[in-house]
Every structure is written in structure tokens, then in C-alpha cells.
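In: A predicted structure for the sequence below; I have some questions about it.
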Number of protein chains: 2
Amino acid sequence: MAAFRRWKEQRLARADGSRKGSVDQAIAELVQLLNGHERFCTTSSCAGRLLLAQASVPGISGYEVQKQNCSWLMVSHQACTKEDVMTALQKATGDAVFKFEPFILHVQCQELQDAQFLHSVAIDSGFRNSGITVGRRGKIMMAVRSTHCLEVPLSHMGELMVTEEYVDFLVQIANRKMEENIKRIDRFFSCLQLALKTELSMHSSPLEMIQKTHPVYTQRRKRKPDKEPGICTSSDNKEESETEDDPETNLNGLFC
Amino acid sequence: MAAFRRWKEQRLARADGSRKGSVDQAIAELVQLLNGHERFCTTSSCAGRLLLAQASVPGISGYEVQKQNCSWLMVSHQACTKEDVMTALQKATGDAVFKFEPFILHVQCQELQDAQFLHSVAIDSGFRNSGITVGRRGKIMMAVRSTHCLEVPLSHMGELMVTEEYVDFLVQIANRKMEENIKRIDRFFSCLQLALKTELSMHSSPLEMIQKTHPVYTQRRKRKPDKEPGICTSSDNKEESETEDDPETNLNGLFC
């Protein structure tokens, strides 16, 4: 426990190593909530984004645009317009791909039960590709992941392969996905808050409650959880949810 | 252990509940290898596929084509042709989306260390979105997942939004992704075989080796692993790999 605490202090003191250099506004509160609890430490995150990427290494197949060898002609963490994309496409000299990438979050957890707790919240909120990693030396990570995405090749060797009308059509779809993505993040945040409060009130003596709370955690009186539409349902009584993906399959077979 | 064995027998005796009704040829050996070891039981799988899907519920936004409300105009577990897609598109009456979905495999594991073992092999083979689920009642699942995909809206209310030339271009990209997918499956199979043999020879007395082997598992003499291109490297000395996704980010930041 002490080792985790020390590691967490060092980690949070480090400079942000991402290209952007800061946490996305849409998830800042969520990251803060998690880091305010001693058993969690976020290690990486992205609220979701729309981007136009191009392979930056000549000769590499442009459609295997991997992080390491691609340049971004455009990136947006909210809705974008057809004009944004068309302008960016003018800069394309190779194979450009339009992508929607949903919310992703990595959280290192103190113990396996902490990862299970978080995993359960993630699944309830719709992040069905979430999963736990337990490293050989005991490091426990929970990755919050979604299934929905878009990946659309748009140009080949700098030449646009679709019409402007198609780009407009694509942008509308992408913006809808971004909207759904934001709703899921909100749902995750609400579910997490609820689950943390429920857990605290179920398992703590008054003394433990005081010991466990951090300055960022505000003590509330016990109350019945609201069943609002879009808010996660408690999974206490649900059968353990098997991780489902698109495609889900059964037994040794294929969902084909 | 006995409970897991009983559950596994029942599970493997069940009829295949998938739409296709059988395991994909490309992964049949892999599934057999896993199920031949008492601590693993595959529960679902798909070798990967190219498909043209359409929302089947009128009024639902076609681009949220979820498993439950979509119909398949075309599906292929290997390379497809432009003609396959154009023919399928003629049947489209709504919003059709072309997708490449990579290999996916769910394996229930007897103990957490079994899931960790499999997870390590999956990561080494390039399946970087793989993760473990530990259910509330102790069920341990390992999901082997990849990041690469394609999701391309092609028609809107039955009207084709791209040219035939674009479809041809898209099909070439998709076929390359399918090819890479098959290579990763082969890599996973080889890595798994190697890891199982290495583990067995490291930890077993001759008597234990006999007890652990199943008829499907052929005993081989210890040999130095080949370092072939495309074959996974041993992760014994590697730093624990943090689950990486596209987009990967660092600390509390964004890879933006």
C-alpha cells in the first residue's frame, strides 16, 4: 500500500508527457475524482477525438497508420465541420484516414478488487471493451475502452477518393458518435460517483469513513440512488457480465 | 478446480450458439489447443471478418449498427472483391456500413495466473487491446482483442454515397488488414505453443509433465526458441507492458 502511494505521488508529479500536454476538459473532473482516491491513479486518458491522420513514413502502407509513423492533419475533441476536414485534406500528400476514436482511460489500481470495482462501473456505463491487466510484477491496470469507432480512408497518394458531399455525410455521422461518446463519459462519471458513495456507506464504520475520505471527497448523507434515464443501473444483482465485443460470439462458434 | 472442470465439460458439450454454427477454420487449431488444456475454455471466437451491415430497425440511426438491430448484406472471413461488395450494396435499403473486424477470442481461465499467462502471449503477439475480467463471483475471462479496424459508411437510405472506384480502393485496404490479421493469429498460435512448452519444461517434474499433458498435447524435447521474424519475443525480460491503445497517452494527458 505504501509502495503504491509513493509510486502514485511520483507519477502525478511528473510532467504531462502527451502531445497536448494537459487533460481534456471533458474528463478533467473524472480524472480528479479518481486521483482523489488513494487506490486509483490515472496514467493516460483521452476524451475522444476526430482526426485526419496520414502516414508520415514514405513507403509505409498509409492505411496502417500507427501512432509512431503518422502525422495529424486535423484533430478535434468535439464536433467538427466539413470545412475542417476539407481544409485538412488539402494538406494531404499521402494516404489520409479519417478516424473517430472514443474515450479511453488507463487507471492503475492498488489491488485487484479496486480494478474489479472500476471495471464493473465501466461495463455498466457502456464501455464494453474494458479490461484488467495484471502484470508479472503485480502491477494492476484497468483500461476503460469502447467499441464504437470510425476509420475511413479518404485519400490515396494525396488524391481525394470521395466527394465533398461524402465528407459532409461522414462528418455528421462522426459528430453523432462524438455526442454518444460524451454521454457515455457522463454516465461513467455518474456511475463512478454513485458506486463510490454506495461502497463507502455499505462498508465503513463512521471512523473508517473519516479515515477513508480525502479533502476532495465530500461526505453526503445516505440516500436512495436516483434511477435516471441514461444513468447506470446497479449491477449488484446482475449476472456477471461477460465482456462482450462486436462481434460477440457464443461457445466455440462465431456470430456470423 | 473440479468446479471449473465440470463447468467446462458442460460448456463444450453445448451446441454452438453462433449464427454460423461452427468455429472458423483459421482458428480451429488454436481453439483446440486451448481447450486441450484443462485450465482454459474458449467461450467465443471469430477469426476476423469483412462485412457490410445495415440497420434493420427503421428509425434507428443506421450508423449505430449494433449487433442486435442490424442485418448482414455480406460477410467474409477472408479477402473479398469489389464485386462482392457492389452486389451486396444493391440489396441495401437503408444505411449500410462496411466493416473490418479483427480476430477476437474469449477464454475462461481457471485461475488468475492462467489469464495472466494468456494475456502476456496475446500482448506479445500484437493484440494490444486484450484484457482480463474478474467477475464478482470469481469468473476469470481473458479477451484477446486487436486495435485495427475499418468502419466506413457507404450508403444512406439505400443511396450509394461513394463511387465504385472508391469501393475497389476500400476493398484493397480491407484485404490487407485481413492479411495482417491472419499473420497475427498465426503469431499468437506460435507464441502460445512456445509459451506452453516453455512453461511446462520449466515447472514440471517428469511425473507432473505426464499428468499435465493431454492427448492433444505432443511432448517435445527442450529447444532454444527460434527468433523468426513475426514470431513473438519472450517477454520474460521485458518491462511489464502497459496496455497500449490507439490513442496512447501519458500521465494525465492526451496523446493529442
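Out: Perfect, thanks for sending it.
In: any low-confidence regions in the stretch 1-150 of chain A?
Out: Counting by pLDDT under 70, the stretch 1-150 of chain A contains low-confidence ranges at A:15, A:19, A:56-68.
In: Could you pull up the contacting residues of A:Glu165?
Out: Residues in contact with A:Glu165, defined by Cβ atoms under 8 Å, 6 or more residues apart in numbering or on different chains, are B:Met161. For glycine as for every other residue, the C-beta is placed from the backbone atoms N, C-alpha and C.
In: Does the residue of the stretch 101-250 of chain A found nearest chain B have any beta-bridge partners, and if so which?
Out: Distances between the stretch 101-250 of chain A and chain B by Cβ to the nearest Cβ are smallest at A:Gly131, namely 1.6 Å. Beta-bridge partners recorded for A:Gly131 (DSSP bridges): A:Ala143.
In: now the strands: where do they sit in chain A?
Out: A:40-46, A:49-55, A:70-76, A:96-101, A:104-109, A:131-134, A:140-144, A:150-153, A:155-156, A:159-160 (DSSP state E).
In: Let's have those in TSV, adding distance to B:Arg5 and mean neighbour count.
Out: Shown next, in TSV, are these (distance: least, Cβ to Cβ, whole Å; neighbours: other Cβ atoms under 10 Å in any protein chain shown):
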stretch	distance to B:Arg5	mean neighbour count
strand A:40-46	36	24
strand A:49-55	46	24
strand A:70-76	47	19
strand A:96-101	41	25
strand A:104-109	31	25
strand A:131-134	23	25
strand A:140-144	28	25
strand A:150-153	42	23
strand A:155-156	54	20
strand A:159-160	58	13
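In: Can you tell me the closest non-neighbouring residue to A:Ala122?
Out: Distances taken as Cβ to Cβ, 6 or more residues apart in numbering or on different chains place A:Ser130 nearest to A:Ala122, at 3.9 Å, with adjacent residues excluded.
In: low-scoring stretches of the stretch 151-256 of chain A, by residue?
Out: A:203-256.
In: Distance to B:Val31 added to the strands of chain A, as JSON lines?
Out: Formatted as JSON lines, those follow (distance: least, Cβ to Cβ, whole Å):
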{"stretch": "strand A:40-46", "distance to B:Val31": "33"}
{"stretch": "strand A:49-55", "distance to B:Val31": "35"}
{"stretch": "strand A:70-76", "distance to B:Val31": "34"}
{"stretch": "strand A:96-101", "distance to B:Val31": "31"}
{"stretch": "strand A:104-109", "distance to B:Val31": "29"}
{"stretch": "strand A:131-134", "distance to B:Val31": "20"}
{"stretch": "strand A:140-144", "distance to B:Val31": "25"}
{"stretch": "strand A:150-153", "distance to B:Val31": "28"}
{"stretch": "strand A:155-156", "distance to B:Val31": "37"}
{"stretch": "strand A:159-160", "distance to B:Val31": "43"}
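In: For A:Lys139, grab the count of nearby residues.
Out: By other Cβ atoms under 10 Å in any protein chain shown, 16 other residues sit near A:Lys139.
In: Ramachandran angles for it?
Out: Main-chain dihedrals, A:Lys139, degrees, to the nearest 10: phi -70, psi 130.
In: what's in contact with stretch A:170-190?
Out: For stretch A:170-190, the surrounding residues in contact (Cβ under 8 Å, 6+ apart) are A:26-27, A:29-30, A:33, A:47-48, A:50, A:78-82, A:84-85, A:98, A:100, A:102-103, A:121-122, A:125-127, A:144, A:146, A:148-150, A:152, A:162, A:230-232, B:61, B:63-64, B:153.
In: just checking, what's the longest helix in chain A?
Out: helix A:164-203 (DSSP state H).
In: Show me how far that one is from its chain's centre.
Out: For helix A:164-203, the separation from the chain centroid amounts to 9 Å (computed by Cα atoms, centre = their mean, to the nearest Å).
In: how big is the angle separating that helix from strand B:96-101?
Out: With axes from the mean of the first three to the mean of the last three Cα atoms, to 10 degrees as the basis, helix A:164-203 and strand B:96-101 are set at 60 degrees to each other.
In: if we can go back for a sec, any idea how far A:Lys8 is from the residue nearest to A:Ala122?
Out: 21 Å (Cβ to Cβ, to the nearest Å).
In: More neighbours: which of those two?
Out: A:Ser130 (26 against 19).
In: ok, that one - contacts?
Out: Taking Cβ under 8 Å, 6+ apart as the test, what A:Ser130 contacts is A:His119, A:Ala122, A:Ile123, A:Met142, A:Ala143, A:Val144, A:Arg145, A:Thr243, B:Gly131.
In: hmm, try it at 6 Å
Out: Residues near A:Ser130 by Cβ atoms under 6 Å, 6 or more residues apart in numbering or on different chains: A:His119, A:Ala122, A:Val144, A:Arg145.
In: Then A:Leu150?
Out: A:Phe100, A:Ala174, B:Glu151.
In: how about a cut-off of 10 Å?
Out: A:50, A:97-102, A:170, A:173-174, A:177-178, B:63, B:97, B:149-153 (Cβ atoms under 10 Å, 6 or more residues apart in numbering or on different chains).
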